[in-house]
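Peer 1: pasting a predicted model and its sequence here:
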Amino acid sequence: MRRLICALLAVSFYAGAPAYARMYQWVESGSGIVRLSGDPPPWYRNGGQGPRTLVFEDGRLIDDTAIELPPEQEEALRKAAFREVDLKREEVAIKKLERAALRESRLQKQPGDAQPESRTSGIPGKAAPDLPTDDMVTAEDLDATTVEQMKSLIREWDKRHKGTPGSP
């Protein structure tokens with residue numbers, strides 16, 4: 001039963017993440033070198049400043065900054081592009097925190113080392129659950145409190161990302 005809950009939580013967490021690849025392409029004016037990036041260049045849809053930028057999504061051309069658009073539409077495209085960058089950065093930060101927590105749990109479970117009397121979860125009044133020594137958290141390692149904390153994190157993530165591309 002716990003494995004099912006863990007699997008459902010994992011699926012629901014990643015279901016809201018954008019599942020497409022967007023690529024930005026431009027030619028540097030000084031050197032003539034073609035640049036490709038998964039992130040928009042700083043000048044993307046910024047009032048015609050900077051080199052022409054082509055935007056591809058899943059191999060299809062979806063935007064070309066050489067095509068003039070109304071200012072409102074340019075601003076909407078720019079905001080959407082940089083919102084995606086922010087989402088990617090948040091996901092990277094979460095993964096770094098998860099890895100740090102796993103490293104910390106390994107350090108605390110070293111044989112021969114004294115275990116601390118109590119650890120906190122970062123939530124006032126709640127103790128942190130014991131984490132496994134390997135990189136994978138199994139359903140058996142989760143208690144009801146941890147499951148509720150994960151659900152709360154997912155709800156908060158959904159609230160923050162409501163209305164963004166790929167969100168429910």
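Peer 2: Done, it's in.
Peer 1: helix or strand right after the helix or strand of the chain with the lowest mean pLDDT?
Peer 2: Each helix and strand of the chain was given a mean pLDDT (mean pLDDT, DSSP states H and E); the minimum falls on helix 2-15 at a mean of 53. Per DSSP states H and E, helix 2-15 leads on to strand 22-27 as the next helix or strand towards the C-terminus.
Peer 1: average pLDDT across the helix or strand following that following strand?
Peer 2: Scanning forward in sequence from strand 22-27 by DSSP H and E, the next helix or strand is strand 34-37. Throughout strand 34-37, pLDDT has a mean value of 93.
Peer 1: helices or strands up against strand 34-37?
Peer 2: Judged by 3 or more Cβ pairs under 8 Å, 6 or more residues apart in numbering; DSSP states H and E, the packing partners of strand 34-37 are strand 22-27. In short, each C-beta sits where N, CA and C put it, glycine included.
Peer 1: list the buried ones in the strand it packs on?
Peer 2: Neighbour-count burial for strand 22-27 flags Arg22, Tyr24, Gln25, Trp26 (criterion: 16 or more other Cβ atoms under 10 Å).
Peer 1: the strands in the protein, which residues?
Peer 2: Per DSSP state E, the chain carries strands over the ranges 22-27, 34-37, 53-57, 60-64.
Peer 1: got the residue ranges for the helices in the chain?
Peer 2: Per DSSP state H, the chain carries helices over the ranges 2-15, 71-108, 144-161.
Peer 1: buried stuff in the second one?
Peer 2: Neighbour-count burial for helix 71-108, counted by 16+ other Cβ under 10 Å, picks out Glu74, Leu77, Arg78, Ala81, Glu84, Leu87, Leu102, Ser105, Gln108.
Peer 1: no further queries at this time; thank you.
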